[in-house]
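>>> Here you go, sequence then predicted model.
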Amino acid sequence: MLFKGGGLPHESLALQEKLFGAGPDYNFMTRIERFKNSLVRVQHFIRCCARYNLHDHADKKWFEGVAFPNEVSVLGPHSGMFIPTLKEQGSEEQIQKWVPQAEKHQIMGTYIQTELGHGTFVRGLETTATYDPKTEEFILNSPTLTSIKWWPGGLGRTCNFGIVMALLYIDGKNYGMHPFVVQLRSLKTHEPLPGLTMGDIGPKFGFDTVDNGYLQFNHFGIPRENMLMKYCQVLKNGTYTKQTRNPKFSYGAMIFVRSMVVYEVAGQGLAKACTIAIRYSAIRRQSELKKSRPEPQILDYQTQQYKLFPLLALAYAVWFTGVRMKEIYFMVNNEIKQGHTERLPELHAISSGLKAFTTSMASWGIERCRLACGGHGYSAASGLPKIYVNATGGCTYEGENTVMLLQCARFLMNIYGGVKNGRRPSGSVNYLGERISSRCTLTSEFTLKSLADAFKHRAARMIKEASERLNRLQASGNDPEDSWNLNSVVLTKAAEAHCHYYMVLVFESVVESVEDNCVKDILRQLCQLLALCGIQENSGDFIQDGFLNNDQLELVKQKQLSLLSEIRPNAVLLVDAFEFHDVQLGSILGRFDGNVYENLFKWAKKTPLNKPEDLIHRLLR
Ligand SMILES: CCCCCCCC(=O)SCCNC(=O)CCNC(=O)[C@H](O)C(C)(C)COP(=O)(O)OP(=O)(O)OC[C@H]1O[C@@H](n2cnc3c(N)ncnc32)[C@H](O)[C@@H]1OP(=O)(O)O
Ligand SMILES: Cc1cc2nc3c(=O)[nH]c(=O)nc-3n(C[C@H](O)[C@H](O)[C@H](O)COP(=O)(O)OP(=O)(O)OC[C@H]3O[C@@H](n4cnc5c(N)ncnc54)[C@H](O)[C@@H]3O)c2cc1C
């Protein structure tokens, strides 16, 4: 109950739906079969939403976790991007017109921004929307090969609507990127509308169950009312008006998804991989620890614990950070709705930074879990390949991770510059205004406060040094842009240090808030391990300015090792606490009942290559 809280009833309802767990094994299907099978489940999910009155995004998410385990369905872009953008960027009238239809799935939409030539650099997108006051229409056009829309999920075959990001032109003047609601396919025949060339972009690293697509506009007209007009309006006569608000509001959908990815992609993905690897390591026995004694569980090898327990601690940390990130998103978004936009830059920075930091860590961690499972980890039966290919997409979509770290760094540089000029920072960066002690207080006790302080010191120092280096580069004659580029590796490291500190701090605050002493002690051990591993892996950062000395570093190593033995008795319980059902894990190695070998054998026998097949038989005869 530590993790699921109010979500459990919805998950239990979904688990009762036979269709979700039924059907052929995902691993034995071709891409087209995977896609079709997903569509069948999408339709069933939609029926379930009506039957169980599921409207709330969070409730649906619990349901989706069972219906589409470790994969993204076409509902992802629809409910995660299309509907939120309508709600956030649409006028009241527009919300009334489209949101109810979208929520009842009468129309299915996606978010159409990236193009063949540009994804990262949103200002470089080329699709145009030219207003024609005579017809009162926007004419959407793809003027170049590179302007063809590329990647949107569900665009290839499924969606009949989309929000298209395009450059608004009125009377020859470019007003920048704006969102437009575009009907893509006939609601009767489902054929693409005339003037649109569209299809699927082909097989990918993962995301087999989604038809990521392309779209080319050939002077395609849409009514004036289809530009989302909450923040900017185009009047019938072509007059452009806008609220005196932040132009970055049109980037709101990206902030929303980045904020959710921390929990839903990084947190869940890593927690599932840890569940599989730790359960399996308690089942698997190999080699000898002591002569003539039974083979030990591989989880009893210190090296196995050293591989897996830091990842377990990381999974808890990312999960808690993801929950905190969601809370911050909804809090700041509410403030913005009331007209208080002061915290938008911080929200953008922390969501960009944490999205990048946690998806990179999770992606690396899932692969480590696979390696820790030996040969069986390499089998699709482990479930780990599917978890990996889908989670690692999070490092790229919604802003490529390096680029996101640089956005976070940009904010940190602004804040640090402000502090130098006497401004007081607040929120997640308030520590940049503090006098940070250069004396490391770590002792063999390793209190959570002293550990968090060590990360605070590292982040503050790296941000300060990145800022000073930027200034030096400029002072030596480089222009600001070149200085930024010449400093960008240092900047990404400063952003990572900031996010790392934030994650340790969140974990510490969760431990402090737990009332049950037994649970508190166990979580404290995990939090200590997370922090100690972070210090050791980045020890250069902690000793560079003499903050940490060799004796302290030795203590860090010793404590890490003793924590492994302390965590061992609770390791399986700690992954069971995530409460993933077997359907959600999709793994024979991670089965709750531990019946691994019998089921691996059954599974292998079912593989299509073992079925009689004429051509293979003829070739081999
Ligand atoms: C279920 C889900 C399945 C998967 C779905 C995946 C869906 C997708 O991938 S959709 C496509 C996502 N695409 C992206 O994320 C593109 C990433 N690129 C960007 O967001 C932008 O181009 C970005 C942020 C890199 C640069 O934007 P740009 O307009 O050039 O801004 P830039 O010049 O760097 O900065 C200008 C100012 O705007 C601020 N800013 C930038 N973005 C934002 C934002 N979103 N909110 C607030 N402020 C922002 C900057 O902090 C900066 O502030 P300041 O001047 O005070 O320092
Ligand atoms: C699974 C998946 C689903 C997606 N779904 C959607 C969707 O539904 N809708 C949609 O519109 N898009 C979608 N996308 C597209 C996605 O948002 C972009 O691919 C992403 O934003 C990265 O942009 P890019 O492909 O242009 O990468 P690039 O920018 O070409 O990145 C390539 C390299 O260049 C580096 N680089 C680029 N710019 C800079 C810079 N300024 N500074 C330093 N380094 C830089 C990057 O760090 C990276 O190493 C999806 C992508 C994937 C993989």
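Structure received. Residues are numbered from 1 along each chain as shown. Ligands and ions are numbered 1, 2, ... in the order given.
>>> which helices and strands does whichever helix or strand W62 is part of pack with?
Per DSSP states H and E: W62 is located in helix 57-67. Contacts defined by 3 or more CB pairs under 8 Å, 6 or more residues apart in numbering; DSSP states H and E place helix 57-67 against helix 8-16, helix 31-51, helix 582-585. For the C-beta atoms, the positions are set from N, CA and C on the backbone; glycine is no exception.
>>> I'd like the distance between R423 and L432.
10 Å (CB to CB, to the nearest Å).
>>> meant to ask about I588, not that
Distance from I588 to L432, by CB to CB: 49 Å.
>>> name the element the residue lying closest to F256 once chain neighbours are set aside belongs to?
Nearest residue to F256, sequence neighbours excluded (CB to CB, 6 or more residues apart in numbering): P84, at 5.1 Å. Secondary structure from DSSP H and E places P84 in helix 83-89.
>>> ok, residues contacting that helix?
57, 94-95, 98-99, 102-103, 109, 111, 163, 179, 181, 228, 230-231, 249-250, 252-253, 256, 333 (CB atoms under 8 Å, 6 or more residues apart in numbering).
>>> and the next helix or strand after that helix, what does it pack onto?
Remark: after helix 83-89, the chain's next helix or strand is helix 92-103, criterion DSSP H and E. Contact here means 3+ CB pairs under 8 Å, 6+ apart; on that basis helix 92-103 packs against helix 83-89.
>>> For the helix it packs on, what is the distance to the chain centroid?
Distance, stretch centre to chain centre, for helix 83-89: 19 Å (CA atoms, centre = their mean, to the nearest Å).
>>> Quickly check: that helix near ligand 1 or not.
No - Helix 83-89 stays clear of ligand 1 (CB under 6 Å from any ligand atom), getting no nearer than 10.1 Å.
>>> pLDDT (mean, whole number) over that helix?
In this model, helix 83-89 has a mean pLDDT of 94.
>>> What about contact with ligand 2: does that helix have any residue there?
No - if you take CB under 6 Å from any ligand atom as the test, helix 83-89 misses ligand 2, and the best it gets is 11.1 Å.
>>> Identify the residue of this structure closest to ligand 2, quick one.
At 2.5 Å from ligand 2, G119 is the closest residue in the chain, using CB to the nearest ligand atom.
>>> Please parse this structure into its domains.
5-71, 107-244, 252-422+446-575 (automatic domain parsing).
>>> okay, those in CSV with mean neighbour count and distance to F592 next?
Shown next, in CSV, are the domains of the chain (neighbours: other CB atoms under 10 Å; distance: least, CB to CB, whole Å):
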stretch, mean neighbour count, distance to F592
domain 5-71, 16, 13
domain 107-244, 18, 25
domain 252-422+446-575, 20, 8
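>>> got a markdown table for these, with mean pLDDT too?
Conversion of those to a markdown table gives the following (pLDDT from 0 to 100):
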| stretch | mean pLDDT |
| --- | --- |
| domain 5-71 | 88 |
| domain 107-244 | 97 |
| domain 252-422+446-575 | 97 |
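>>> looking at those, which is closest to S428?
domain 252-422+446-575 (5.3 Å; CB to CB).
>>> Now do the closest one: distance to the chain's middle.
Domain 252-422+446-575 sits 13 Å away from the centroid of its parent chain (CA atoms, centre = their mean).
>>> got the end-to-end distance for it?
Distance across domain 252-422+446-575, first residue to last, is 35 Å (CA to CA, to the nearest Å).
>>> same deal with stretch 208-221?
32 Å.
>>> Grab the nearest non-local neighbour of K61.
Using CB to CB, 6+ apart, the closest residue to K61 is E264 (7.1 Å).
>>> so that neighbour sits right up against G322, yeah?
Yes - the criterion here is CB atoms under 8 Å, and E264 meets it with G322 at 7.2 Å.
>>> what about V181, distance to Y131?
V181 is 15 Å from Y131, by CB to CB.
>>> next one: N401
For N401, the distance to Y131 - CB to CB - is 37 Å.
>>> Same check on L563?
The value you get for L563 to Y131, if CB to CB is used, is 63 Å.
>>> likewise P480?
35 Å.
>>> Likewise for D59?
40 Å.
>>> Then K420?
45 Å.
>>> if I pick the residue positioned nearest the centre of the chain, what's in contact with it?
By CA atoms, centre = their mean, the mean C-alpha position of the chain lies nearest to V261, the distance being 2.6 Å. For V261, the contact set (CB under 8 Å, 6+ apart) comprises 355, 358-359, 394, 398.
>>> ok, now Y280?
Contacts of Y280 (CB under 8 Å, 6+ apart): 373, 376-377, 382, 589-590, 596.
>>> Same drill for R423 and L432, tell me which one is more crowded.
Legend: neighbour count by other CB atoms under 10 Å for R423 and L432, higher for L432 (23 against 13).
>>> surely the more buried one meets M462?
No - using CB under 8 Å, L432 is not in contact with M462, being 11.4 Å away.
>>> Would you mark the buried spots in stretch 435-446?
For stretch 435-446, the neighbour count (16 or more other CB atoms under 10 Å) marks 436, 440, 442, 446 as buried.
>>> for those, which one is nearest ligand 1?
Nearest to ligand 1 among the buried residues of stretch 435-446, with distances taken as CB to the nearest ligand atom, is I436, at 23.8 Å.
>>> And the closest residue in space to the closest one that isn't next to it in sequence, how far from ligand 1?
Leaving aside its sequence neighbours, I436 sits nearest to A460 (CB to CB, 6+ apart; 4.7 Å). Distance from A460 to ligand 1, counting by CB to the nearest ligand atom, to the nearest Å: 20 Å.
>>> Using the three-state scheme, assign A460.
helix (DSSP: H, G, I helix; E, B strand; the rest coil).
>>> if we can go back for a sec, among the buried residues of stretch 435-446, show me the least confident.
For these, the pLDDT minimum is I436, 85.
>>> hang on, isn't it packed against F455?
No - contact between I436 and F455 fails when scored by CB under 8 Å: they sit 11.1 Å apart.
>>> Show me the common contact partners of the two, please.
In contact with both I436 and F455: no residue, using CB under 8 Å, 6+ apart.
>>> Nearest residue to L299 in space, please, no chain neighbours.
L299 sits nearest to S281 (CB to CB, 6+ apart), 3.9 Å away.
>>> For the one you found, give me phi and psi.
In terms of degrees, to the nearest 10, the main-chain angles of S281 are phi -70, psi -20.
>>> Please apply the same query to the one 5 residues further on.
Summarising the backbone geometry of Q286 under the convention degrees, to the nearest 10, its torsions are phi -160, psi 140.
>>> Look up the closest residue to it, ignoring the ones flanking it.
Nearest to Q286 is I298, by CB to CB, 6+ apart, at 5.4 Å.
>>> For I567, see how far away that neighbour is.
For I298, the distance to I567 - CB to CB - is 16 Å.
>>> Show me where the protein has its strands.
109-112, 128-132, 137-141, 149-150, 161-170, 173-183, 196-200, 213-217, 220-223, 232-234, 240-242 (DSSP state E).
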